[in-house]
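Novice: Pasting the sequence and the predicted coordinates here, then a few questions.
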Amino acid sequence: MISEFYKDMTGKTSVIRDFFDYSMKRAAELGPDSVFNFSIGNPSVPAPAEFTEAMENLLKNSDPVALHGYSPTLGLMSFRETVAESLNKRFGMNYTSAHIFPTTGAAGALAHAIRCVAGEGDEIITFAPYFPEYIPYVTGCGPELKIVPADTDSFQINFEKFTEMMNEKVMAVLLNSPNNPSGIVYTTETVKKLADILREKEKEYGHEIFLISDEPYREIVFEGTDSPYITSFYDNSISCYSFSKSLSIPGERLGYVAVNPKAKDAEYIVPMCGQISRFTGHNCPPSIIMLATKEVLDLTSDLSIYETNAKLLYSALTDIGYSCVKPGGTFYMFPKSPVPDANLFCWTAAKELGLIIVPGDSFECPGHFRISYCVPTKQIEKAIPLFEKMYKRFA
């Protein structure tokens, strides 16, 4: 008998993928010029030339048996050491290789971090709007995911609702900054206030509450934006990173777990991740990707296009009349729909104009829609009149 749990999940498709699939179908039927696809967060700039050169060098000059062999359970030591050194230099931390665990992207990092600190009967809190895949990441290993309603005026943390929802079952708080889908960055003031509350609650409940920081967009922060390194403000913290956006290598699936050295039982968490891999079938990312990334660890792709696109789109949308919190990073924007039913708004835009945007309901923020603007700037320029048509149609 097959698993009813996973069988039921097959009927619960991703809204993001639904709109993306529709865009592909429309493009096939009517031609690519009929589609303005802002549905999915796939980087639109190439990886640095240095990454390609590192890959070529490894392929040409390394022992192929060693290069393509299994890596250790906890990942290549040279990669772990380089990540720790980079984080220490950039953020004033004290990581060692013992605090770094390579993973298959930020998704793999989150899957491990969650299992390290929470289990059946526990709760994990996160903040709307949030990435919908948090639901399977959390519920798939036993805890219950609780969602703090959004502060739609700023998309900073709704602290009143957060403190109401805290209880002894909460073992971790899951934070995403810079944020998908809103594009905001949690300020130093916000992070300090959150850390203070967690420390108070740890004393009250008599157990640790871990802060899991999901930060695949860490490097995509716009000029003048306050962007603190979250882990540095709270001892019991674990950061989950991905090189998918910073190096534009999402298909290579490389990220890592970084455990704050000051965390309770910090020395156990990376070895625990190795054991968790035995249950999830994760094992380590490919050796060649870790080795190539190690050579370009502090480089990024040319990420400036995302800020260019953000400025252009935000200015145009607000001039048209849309209400939108100004993004401080990522390549997402989260305007308010001119009609309460954002699903109606988005499907109308898709079917009538080929304008592919995603309703905010699945991000736990109805009445908004996400624009993923990691596209050529010319596509944004051509799409602006379509956003204006949609606003006039519903406003």
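Specialist: Noted; the coordinates are in hand.

Novice: How far does stretch 355-363 sit from its chain's centre?
Specialist: The chain centroid and the centroid of stretch 355-363 are separated by 16 Å under Cα atoms, centre = their mean, to the nearest Å.

Novice: try stretch 147-160
Specialist: In terms of Cα atoms, centre = their mean, the centre of stretch 147-160 is set 18 Å apart from its chain centre.

Novice: ok, residues contacting it?
Specialist: In this structure, residues lying in contact with stretch 147-160 by Cβ atoms under 8 Å, 6 or more residues apart in numbering are 125-130, 161-162, 165, 179, 182, 184, 186-187, 190, 193-194, 197, 325, 334, 336, 364-365, 368. The C-beta positions use only the backbone N, C-alpha and C, and glycine is treated the same way.

Novice: distance between the ends of it?
Specialist: 13 Å (Cα to Cα, to the nearest Å).

Novice: and the next element down the chain from the host helix or strand of K161?
Specialist: Assessed by DSSP states H and E, K161 sits inside helix 159-165. Counting by DSSP H and E, the element after helix 159-165 in chain order, helix or strand, is strand 170-176.

Novice: What strands flank that next one, and is each parallel or antiparallel?
Specialist: strand 123-127 (parallel), strand 210-214 (parallel) (DSSP bridges).

Novice: Show the average pLDDT along the last one.
Specialist: I take that to be strand 210-214. For strand 210-214, mean pLDDT is 98.

Novice: Name the surrounding residues that touch the very next helix or strand once past that strand.
Specialist: Scanning forward in sequence from strand 210-214 by DSSP H and E, the next helix or strand is strand 237-242. Here strand 237-242 makes contact (Cβ under 8 Å, 6+ apart) with 103, 105-107, 109-110, 113, 116-117, 210-216, 218, 230-231, 250, 254-260, 263, 269.

Novice: Can you select the buried ones among those for me in PyMOL?
Specialist: Buried subset of the contacts of strand 237-242, written as a PyMOL selection, criterion 16 or more other Cβ atoms under 10 Å:
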select buried, resi 103+105+106+107+109+110+113+116+117+210+211+212+213+214+215+216+218+230+231+250+254+255+256+257+258+259+260+263+269
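
Novice: thinking again about what came up before, among the contacts of stretch 147-160, name the buried ones.
Specialist: 125-130, 162, 179, 182, 184, 186-187, 190, 193-194, 197, 325, 334, 336, 364-365, 368.

Novice: so of the residues you listed, which ones are in strands?
Specialist: 125-127 (DSSP state E).

Novice: closest to I380 among these?
Specialist: Comparing those against I380 with Cβ to Cβ places F127 closest, at 28.2 Å.

Novice: Touching, the closest one and F162? I think so.
Specialist: Yes: contact criterion Cβ atoms under 8 Å: F127 and F162 qualify, at 7.4 Å.

Novice: quick one: pLDDT of the closest residue to L211 other than its chain neighbours?
Specialist: Leaving aside its sequence neighbours, L211 sits nearest to S237 (Cβ to Cβ, 6 or more residues apart in numbering; 4.3 Å). For S237, the model assigns a pLDDT of 98.

Novice: same check, this time on the one 3 residues further on
Specialist: pLDDT, the model's per-residue confidence, is 98 for C240.

Novice: and the nearest residue in space to it that is not next to it in sequence, helix, strand or coil?
Specialist: In space, and not counting its chain neighbours, C240 is closest to A109: 3.5 Å by Cβ to Cβ, 6+ apart. Using DSSP: H, G, I helix; E, B strand; the rest coil, the structure places A109 in helix.

Novice: if I pick the residue nearest the centre of the chain, what's in contact with it?
Specialist: Nearest to the geometric centre of the chain sits P216, at 4.8 Å (Cα atoms, centre = their mean). P216 makes contacts with 105-106, 240-242, 244-245, 255, as judged by Cβ under 8 Å, 6+ apart.

Novice: Using JSON lines, lay out the residues you listed together with distance to P359.
Specialist: Below are the contacts of P216 laid out as JSON lines (distance: Cβ to Cβ, whole Å):
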{"residue": "G105", "distance to P359": "25"}
{"residue": "A106", "distance to P359": "24"}
{"residue": "C240", "distance to P359": "26"}
{"residue": "Y241", "distance to P359": "29"}
{"residue": "S242", "distance to P359": "25"}
{"residue": "S244", "distance to P359": "24"}
{"residue": "K245", "distance to P359": "23"}
{"residue": "G255", "distance to P359": "28"}
